[in-house]
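Asker: kindly generate the corresponding structure for this input.
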Amino acid sequence: SMRWIATVIGFSCLIVPFAAGAQATQGAPVEIGQRYVLQSKNMDSARDFAVFVPPACTAETRCPALYVLDGAADTGFPFFAGLVNAGPLLRIFKPIVVIGIASVDRNNELTFPTTDGEALKKFPTAGGSAQFRRFVVDEVKPWATANLPISDESILLGHSFGGLFVVETALKAPADFTHYIATSPSLWWDNKSLLAAAPAGIAKLGGHSLYLTLGNEVDPEKESVQNLVALLDKSAPADLRWTWQPRPDQNHGSIIVATASDALRWALAEQKAKLGDEGVKAASPGTTPHTTPEGTATSTPSPRSTRP
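Answerer: Residues are numbered from 1 along each chain as shown. Okay, here's the model as predicted:
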């Protein structure tokens, strides 16, 4: 309508003097990190991963390594690189080297084989997690050790199918990483078969840490994660540090963003004394949140997360 045109013209007149008076150089990209390509023997293809090394991480001051699944340079990596870059500045956690691992077919690479016909109809390429784990552990990790200023401390982080991969790795090959962070892990996969073998895997997790969180998912997603928590309650070794942090205020997509900072500082909780700031202590392994009637997350003691 004419009124709309007049409004647009009037608004344009208002902003022209501002635009004419404000001068700026030509825009330039804001970059964080580097992208690498590795010719993988395990995957029989060229595979991408992205790396961010904080300035504080040097050959003399080596930092923990965070391996992010679904961490392609154009997806998960920028978020975690930005978070880790801000972490030391805000005195949340010490510097961490980020290694974002891209997936080509995450349905294949992050799941183990299943006999569930319905799942195979939806995810026909599923079942390649063992091969992908060999790529991560036998190719990416050695490259990182040889080329990056990282310490022996490592974190594996994944969401959804990535969370399934994290838990599977923790239970089947715990020595591969120091800390495991799984957000809304798809433990319903293959009719929860991973849980059947979980007690034997949990028994070997001593000396490591495991952070579990879940959004507002319903069964079978919710039930499967709660089943793992029950197994940990029953049989976790004394030297397994673990925590269960349900977040019903978050959905399946938002949970990883909402919990990433807390998960990292919890995993590195033993480092909090070095930060020298009592105002940003790491999340205590002796607490677990619950939801009040008003929907506000609070923190109360819980026996399920009092492991050392």
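Asker: what pairs with residue 69 across the strands?
Answerer: residue 101 (DSSP bridges).
Asker: from memory it sits against residue 157, does it?
Answerer: Yes: between residue 69 and residue 157 there is a contact under C-beta atoms under 8 Å: 6.8 Å. The way it works is simple: take the backbone N, C-alpha and C, and place the C-beta from them, glycine included.
Asker: mind listing the shared neighbours of these two?
Answerer: residue 166 (C-beta atoms under 8 Å, 6 or more residues apart in numbering).
Asker: before we move on, what SS does the closest residue to residue 125 other than its chain neighbours have?
Answerer: Leaving aside its chain neighbours, residue 125 sits nearest to residue 108 (4.2 Å; criterion: C-beta to C-beta, 6 or more residues apart in numbering). Using DSSP: H, G, I helix; E, B strand; the rest coil, the secondary structure recorded for residue 108 is helix.
Asker: residue ranges in the stretch 1-150 of the chain under the pLDDT threshold?
Answerer: 1-21 (pLDDT under 70).
Asker: the closest residue to residue 33 other than its chain neighbours - how many residues pack around it?
Answerer: Among residues not flanking residue 33 along the chain, residue 52 sits closest, at 3.8 Å (C-beta to C-beta, 6+ apart). Counted with other C-beta atoms under 10 Å, the neighbours of residue 52 add up to 22.
Asker: so who does residue 52 touch?
Answerer: So residue 52 contacts 32-34, 77, 80-81, 84-85, 97-98, 100 (C-beta under 8 Å, 6+ apart).
Asker: at 10 Å instead, please
Answerer: 32-34, 66, 77-78, 80-85, 96-100 (C-beta atoms under 10 Å, 6 or more residues apart in numbering).
Asker: write the ChimeraX selection for whichever of these are buried.
Answerer: Only the buried entries of those go into this ChimeraX selection, using 16 or more other C-beta atoms under 10 Å:
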select :33,66,77,78,80,81,83,84,85,96,97,98,99,100
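Asker: returning to that earlier point: hey, what's the residue nearest to residue 33 bridged with?
Answerer: According to DSSP bridges, beta-bridge pairing links residue 52 with residue 98.
Asker: if I look at it, how far off is residue 31?
Answerer: 10 Å (C-beta to C-beta, to the nearest Å).
Asker: in stretch 169-180, what counts as buried?
Answerer: Buried residues in stretch 169-180 (16+ other C-beta under 10 Å): 169-172, 174, 176-180.
Asker: what is the burial count for residue 213?
Answerer: By other C-beta under 10 Å, neighbour count at residue 213 equals 26.
Asker: likewise for residue 253?
Answerer: 12.
Asker: just the one 3 residues further on next, same as before
Answerer: By other C-beta under 10 Å, 26 other residues sit near residue 256.
Asker: enumerate every residue touching the residue nearest to residue 125.
Answerer: 123-129, 131-132, 161.
Asker: hmm, 7 Å instead?
Answerer: Neighbour list for residue 108: 125-128 [criterion: C-beta atoms under 7 Å, 6 or more residues apart in numbering].
Asker: can you check residue 49 too?
Answerer: Applying C-beta under 7 Å, 6+ apart, the residues near residue 49 are 36, 38, 99-102, 140.
Asker: quick check: the gap between the residue lying closest to it once chain neighbours are set aside and residue 269.
Answerer: In this structure, residue 49 finds its nearest non-sequential neighbour in residue 101, 5.0 Å apart by C-beta to C-beta, 6+ apart. Residue 101 sits 25 Å away from residue 269, going by C-beta to C-beta.
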